[in-house]
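1. Here is my input, please return the structure:
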Amino acid sequence: MKKTIIYRNYQEYLSATESFLASLRIDLNSDFGVIIINDFPVEEDNTSLEDFCNKLGKPHYEMRNIDHGIVYLVEHNENLAIPTYANNNKEFPAHTDCADYLSPPDTVLLLCEKNSEQGGDSFLVLVDDLIKRCSPKTITELEKKQFLQGKAFLPIIEKKANFYQVRYNRIMLDLYLESNNLTLSNEAAEALEEWENLINEQLFVFKLRPGECLLFNNQRFLHGRKAFEGNSQRRLKRVRISINS
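-> Next comes the predicted model:
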């Protein structure tokens, strides 16, 4: 997993914007679909961040973002009207952003503004690494349209050309099951247990530093973070982007 991270520098973007963005799009759609851009500007008004994202692809506007725009603050905040896992200090298990959307964004960007002194490490796992270790029975179960995600029963993995796409958020999946009084079949439950065990074995854990901007393919990688101290000033800025449409 470590070998798949490509390190770039923001100055490259400034000196050769179009070719830099073109190479990012290629890398994000490859097995090397994880990029860290060093020395990315951290600004209060997010001017550089928004300009970069709008040039890279189509950022997603969301009501809960800053000024209903494209940037969301990922920080410990107990005062939100609707609590989210992104805004507490607990471990956030490996997941797909917007797993319950019919078309989840293909790219997620996380810009580190402040990190946590203890904990808060990020982690990633490539779905292809999981597939290689899954039993055939588990792969068959995960490909079935039997997992309630939002308003539809959808598969967790889906073969696309020569690679797999993933949509998975166990916390959300369990909530949908509970709220609809549903249970999984024994075969599906066993498949998820194997899947979870493999995820925990394959995690690549690293710590983002201030000014580091992480981009990854949200449909090929699961991501999450370790727990961190409650009084931490850890703050990331997240943008969800579609570069393939």
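
2. close enough to count as contact, residue 215 and residue 24?
-> Yes - judged on C-beta atoms under 8 Å, residue 215 makes contact with residue 24 at a distance of 6.9 Å. Placement of C-beta: from N, CA and C, glycine included.

3. Skipping adjacent residues, who's closest to residue 194 in space?
-> residue 138 (4.8 Å; C-beta to C-beta, 6 or more residues apart in numbering).

4. okay, and the common contacts of residue 215 and residue 24?
-> Jointly contacting residue 215 and residue 24 under the rule C-beta atoms under 8 Å, 6 or more residues apart in numbering are residue 35.

5. Settle it for me: which of these two has more neighbours?
-> A count of neighbours by other C-beta atoms under 10 Å puts residue 215 above the other of residue 215 and residue 24, at 26 against 21.

6. and the more buried one, which of the three is it?
-> With DSSP: H, G, I helix; E, B strand; the rest coil as the basis, residue 215 sits in strand.

7. count of residues packed around the residue nearest to residue 194?
-> 22.

8. Same check on residue 194?
-> With other C-beta under 10 Å as criterion, residue 194 counts 18.

9. how distant is the strand or helix carrying it from the center of its chain?
-> Element membership for residue 194, per DSSP states H and E: helix 186-202. Its chain's C-alpha centre lies 19 Å from the corresponding centre of helix 186-202 when counted by C-alpha atoms, centre = their mean, to the nearest Å.

10. swap in stretch 130-141?
-> Per C-alpha atoms, centre = their mean, the centroid offset for stretch 130-141 relative to its chain is 22 Å.

11. what are the C-alpha coordinates of it, in PDB please?
-> Taking C-alpha atoms only, stretch 130-141 is exported to PDB below (Å, rounded to 0.1, in the frame of the first residue of the first chain):
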ATOM      1  CA  LEU A 130      -8.900  -7.200  -0.100                       C
ATOM      2  CA  ILE A 131     -10.300  -9.000  -3.100                       C
ATOM      3  CA  LYS A 132      -7.000 -10.900  -3.500                       C
ATOM      4  CA  ARG A 133      -7.400 -12.400  -0.100                       C
ATOM      5  CA  CYS A 134     -11.200 -12.900   0.000                       C
ATOM      6  CA  SER A 135     -12.600 -16.400  -0.300                       C
ATOM      7  CA  PRO A 136     -14.700 -16.900  -3.500                       C
ATOM      8  CA  LYS A 137     -17.800 -17.400  -1.400                       C
ATOM      9  CA  THR A 138     -17.300 -14.000   0.200                       C
ATOM     10  CA  ILE A 139     -16.700 -12.300  -3.100                       C
ATOM     11  CA  THR A 140     -20.000 -13.800  -4.400                       C
ATOM     12  CA  GLU A 141     -21.900 -12.600  -1.400                       C
END
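
12. Number the residues from 36 up from this point.
-> Taking 36 as the first residue, the last one we looked at is stretch 165-176.

13. Show me which residues of it are buried.
-> Burial within stretch 165-176, assessed by neighbour count using 16 or more other C-beta atoms under 10 Å, is assigned to 165, 166, 169, 173, 174, 176.

14. what does stretch 127-134 give?
-> 127, 128, 129, 130, 131, 132, 133, 134.

15. Now the two most distant members of these.
-> Greatest spatial distance among these (C-beta to C-beta): 128 and 133, at 15.7 Å.

16. Let me know the closest of the buried residues of stretch 127-134 to residue 239.
-> Of all these, residue 129 has the smallest distance to residue 239: 10.5 Å, by C-beta to C-beta.

17. dump the residue contacts of the closest one.
-> 158, 159, 160, 203, 234, 238, 257, 258, 259.

18. Give me the subset of the residues you listed lying in strands.
-> 158, 159, 160, 257, 258, 259 (DSSP state E).

19. so what's the fifth one closest to, chain neighbours aside?
-> Same thing as residue 258. Per C-beta to C-beta, 6+ apart, closest to residue 258 is residue 159, 5.1 Å.

20. Many thanks, we can stop here.
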